[in-house]
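1. I'll drop the sequence and a predicted model, then ask my questions.
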Amino acid sequence: MIGRVRRLLGQRSVARFAVLLLVLGLFGLALLLVPRPDVAQLPGLADRLGPLAPVAAVGGGALLMVALVPRTAVTVVWGAIFGPLLGAGYMLAAALLAAAAGFAVGRLLGREFVAERVRGRLARLDRWFTRQSLLGVISVRLLPVGGFGLVSYGYGTTGARLAPFLLGSMLASAPSAFGYAAVGAAVVSPGEVNWLAVAPAGLGLVAALALGARWWRAERARPVDQSTPRPL
């Protein structure tokens, strides 16, 4: 058994994929052990950061999402620190960086392993991801199939294209970013939040759902063959 494991790890693709699984496992363990911040102490943090606040917000948010911290939780905290509009804006920029980083890591460590070993239905599913359009990415992002960071890593292991993935991730993240940031701001300063700031969330949600429904109908109408599976 040990010898077989050693032989497998001697293969470059297997070793890389094992590193990817190890990294994800460590991130998951950290989520369980690292203490949560006290929301009541967050509003003054932006003032202490000074001119570095935008850089810290975007870079820190991206790192947290890459480390599998739920985007919803980070957006609420950023709303408490920076307010509903700035908090949402910083989080959208952070989401773009996190999506790119997760995709790159998944592509580097997991794509070769997946391409070499998927067969049958999994191979057809991989080809489905490869030909996915912008609307397809939005639809997958809106489905409750996994956290933001985990989906980014997963997409990197498929044959998906980078540009539609990044743009789709941004558009799918926009509807909830403003709403959750407004919730975070209301927790610490309920009387100072202008709830009109949530309007982009409603408009973005309607637009994203309409685009997703249009894509879904188009996919269901597409002829099914051996290389083009219908979405599950």
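-> Sure, I can see it.

2. got any ranges where this protein has weak pLDDT?
-> Within the chain, the ranges that satisfy pLDDT under 70 run 1-10, 39-40, 43, 190-232.

3. Show me the longest helix that occurs in it.
-> For the chain, the helix with the greatest residue count under DSSP state H is helix 84-117.

4. What are the buried residues along it?
-> 84-103, 105-107, 109-114 (16 or more other C-beta atoms under 10 Å). Yep, even glycine has a C-beta here, placed from its N, CA and C like the rest.

5. isn't residue 167 right up against residue 136?
-> No: contact criterion C-beta atoms under 8 Å: residue 167 and residue 136 do not qualify, at 11.6 Å.

6. Between those two, which has more neighbouring residues?
-> In this view residue 167 and residue 136 are compared by other C-beta atoms under 10 Å, and residue 136 has more residues nearby, 22 against 15.

7. all helices for the chain, in order.
-> 2-9, 12-33, 45-49, 53-66, 71-82, 84-117, 120-130, 134-142, 148-157, 162-188, 199-221.

8. tell me the most buried of those?
-> Burial of the helices of the chain is given as mean neighbour count (mean count of other C-beta atoms under 10 Å); helix 71-82 ranks first at a mean of 25.

9. and the angle from it to helix 84-117?
-> 150 degrees (axes from the mean of the first three to the mean of the last three C-alpha atoms, to 10 degrees).

10. Which secondary structure elements does helix 71-82 sit against?
-> helix 45-49, helix 53-66, helix 84-117, helix 162-188 (3 or more C-beta pairs under 8 Å, 6 or more residues apart in numbering; DSSP states H and E).

11. ok now do residue 31, which residues does it touch?
-> 67-69 (C-beta atoms under 8 Å, 6 or more residues apart in numbering).

12. If we use 10 Å, what do you get?
-> 67-70, 73, 147 (C-beta atoms under 10 Å, 6 or more residues apart in numbering).

13. Quick check: residue 26 vs residue 61, distance?
-> Using C-beta to C-beta, to the nearest Å, residue 26 is found at 20 Å from residue 61.

14. cool, residue 86 as well?
-> For residue 86, the distance to residue 61 - C-beta to C-beta - is 12 Å.

15. swap in residue 97?
-> With C-beta to C-beta as the criterion, residue 97 and residue 61 are 8 Å apart.

16. again with residue 115
-> The value you get for residue 115 to residue 61, if C-beta to C-beta is used, is 31 Å.

17. got the contact list for the spatially most central residue of the chain?
-> Residue closest to the average C-alpha location in the chain (C-alpha atoms, centre = their mean): residue 148, at 2.5 Å. Residue 148 makes contact with 65-66, 68-72, 74, 95, 98-99, 102, 141, 169, 172-173, according to C-beta under 10 Å, 6+ apart.

18. and residue 118, what is it in contact with?
-> Taking C-beta under 10 Å, 6+ apart, one finds 124-127, 157-158 in contact with residue 118.

19. oh sorry, the question was meant for residue 105
-> 19-20, 23-24, 66, 149, 152-153, 156-157.

20. count of neighbours near the closest residue to residue 149 other than its chain neighbours?
-> The shortest distance from residue 149 to any non-neighbouring residue, by C-beta to C-beta, 6 or more residues apart in numbering, is to residue 68 (4.5 Å). Counted with other C-beta under 10 Å, residues neighbouring residue 68 total 21.

21. right, and residue 68 touches residue 28 too?
-> Yes: at 6.3 Å, residue 68 counts as touching residue 28 under the criterion of C-beta atoms under 10 Å.

22. shared neighbours, the two?
-> With C-beta under 10 Å, 6+ apart, residue 68 and residue 28 have common neighbours 147, 150.

23. Give me the distance between the closest residue to residue 17 other than its chain neighbours and residue 162.
-> Residue nearest to residue 17 in three dimensions, not counting chain neighbours: residue 113, with 3.8 Å by C-beta to C-beta, 6+ apart. Distance, residue 113 to residue 162, by C-beta to C-beta: 19 Å.
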